[in-house]
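Asks: starting from these lines, generate the structure:
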Amino acid sequence: MKKHVLCSIDLTHPIDSAGVLLEADQQASLNNAKLTVITVIPDYGSSWVGSFFKEGTLRKAVELANTTLNTLIKDTLPDREDVDTVIKVGVVYEQVLKNIEKLNVDLVVLGAHKPNVLDNLMGPNASRIARTSPASTMIVRLK
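Replies: Got it, this is the predicted structure:
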């Protein structure tokens, strides 16, 4: 029996993310489990590229991500009141894996597009999470 479901959302794909969120909600509801939704903002602040952005840009991006994530949850799951959210900055698979352990998650739900040759060579976030996660992982196939 699952006690805690973590749903990883990519805010750049809201329609796909809504489908992933619905699946995570279904899994959490079936198991009467806690649902937490995570999104990760890429970190550019310490890189050379970061020097081209105004100070405070990353903070504003995190604030917007928080608002956007909460709106997505409210619009997709209007009857669910007990969803926790996590906004992290960094590499997606690293942050998701850290939070699986930190939150004591039993099941991770995330989306993945149909793989192509480039994905197989580079290893997308979904495959890295699935291969190394200490929790069960459900991949929702996206179109």
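Asks: strands of this structure, start to end?
Replies: 4-8, 34-41, 83-89, 107-113, 136-142 (DSSP state E).
Asks: and the longest helix seen in the chain, what does it pack onto?
Replies: Using DSSP state H to define each element, the chain has its longest helix at helix 57-76. Based on contacts counted as 3 or more CB pairs under 8 Å, 6 or more residues apart in numbering; DSSP states H and E, the elements that helix 57-76 packs against are helix 14-30, strand 34-41, strand 83-89. Yep, even glycine has a C-beta here, placed from its N, CA and C like the rest.
Asks: which secondary structure element of the chain has the lowest mean pLDDT?
Replies: helix 117-122 (a mean of 50; mean pLDDT, DSSP states H and E).
Asks: poorly predicted segments of this protein, please.
Replies: Along the chain, the parts satisfying pLDDT under 70 run over 45-51, 114-123.
Asks: how does it look with 80?
Replies: In the predicted model, the chain carries pLDDT under 80 at residues 1, 44-54, 56, 113-124, 143.
Asks: tell me the buried residues in stretch 74-88?
Replies: Within stretch 74-88, the residues that qualify as buried are 76, 77, 83, 85, 86, 87, 88, counting by 16 or more other CB atoms under 10 Å.
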